[in-house]
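[1] no FASTA, just this:
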Ligand SMILES: O=C(CO)COP(=O)(O)O
């Protein structure tokens, strides 16, 4: 297991990104299943419901699991029709916000600068950032995986005053929702390169204490092999996080990490 600068191990982190899925009824069932699940204690567990259901989830979900927003506005609220401010997400009990997700970059059209602004503002309000990055299939095929990921990481580095409350989520776009998971070796290679980039461009301390989690077709069958890799500090899960028992299996894959350490 990767050690923080102070010698303590990095806490495994598993997030469930529910995306734009669910109804009051299906979410109530999912919360029931999560509340009934046995979760290993040494894992930070977070779920990100759609905004409209955050209050319902906060009011019914065990405190063992923290709640994240899936997006936020770049600054304080006001005359921004359709937007949600960090203050509002925090008011409903969100401790985290997912930013820079590939669906926001490539479907909605958000760019690095806009994402960086959001991240800096969220941190300034005491909300942790799950900072997503990842290359498209065409980038990987053109041998540009590192170049693209480093550029996205640099945009965060340029915008953020501190990395204290940040988790990096490496999510190769070709693996998201496709059932085509990165192999443990492919994911490890990028995670190690990202850590190395942080060492050289931010600091050795930030590199060793920042969790780098993997996302893209993670499920209950592939999570333990991925978790064994040294630089994989957890997961950001989409589809499989909509099934409580399977999400619990992914959370509990931390046990294979402990064996591998
Ligand atoms: O986008 C993801 C998590 O943010 C991953 O989605 P899937 O797990 O459905 O591939």
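    Ah, there it is. As the structure is a computational prediction, the values presented were derived from the model and not from experiment.
[2] Surely residue 253 and residue 219 touch.
    No: judged on C-beta atoms under 8 Å, residue 253 makes no contact with residue 219 at a distance of 10.3 Å. To be clear about C-beta, it is placed using only N, CA and C from the backbone, and glycine gets the same treatment.
[3] Which one of the two is surrounded by more residues?
    Set side by side, residue 253 and residue 219 show more neighbours around residue 253, with 25 against 19, by other C-beta atoms under 10 Å.
[4] okay, the more buried one: pLDDT?
    At residue 253, the pLDDT value in this model is 97.
[5] For it, give its distance to the ligand.
    Per C-beta to the nearest ligand atom, to the nearest Å, residue 253 is found 14 Å from the ligand.
[6] What is the neighbour count of residue 179?
    9.
[7] Next: residue 247.
    Residues near residue 247, counting by other C-beta under 10 Å: 29.
[8] Now for it: which residues touch it?
    14, 16, 34, 37, 237, 240-241 (C-beta atoms under 8 Å, 6 or more residues apart in numbering).
[9] Out of these, which are close to the ligand?
    237, 240 (C-beta under 6 Å from any ligand atom).
[10] any idea which helix or strand carries residue 47?
    Under the criterion of DSSP states H and E, residue 47 resides in strand 43-48.
[11] partners of that strand, with directions?
    strand 12-17 (parallel), strand 66-69 (parallel) (DSSP bridges).
[12] Skip ahead from the shortest one and say which helix or strand is next.
    Once strand 66-69 ends, the next helix or strand along the chain (criterion: DSSP H and E) is helix 86-91.
[13] same thing with the first one?
    Using DSSP H and E, the helix or strand that follows strand 12-17 in sequence is helix 24-36.
[14] helices and strands around that next one, which ones?
    Helices and strands touching helix 24-36, by 3 or more C-beta pairs under 8 Å, 6 or more residues apart in numbering; DSSP states H and E, are helix 54-60, helix 244-251.
[15] Out of those, which one sits most buried?
    Sort these by mean neighbour count, taking mean count of other C-beta atoms under 10 Å, and helix 244-251 sits at the top with a mean of 21.
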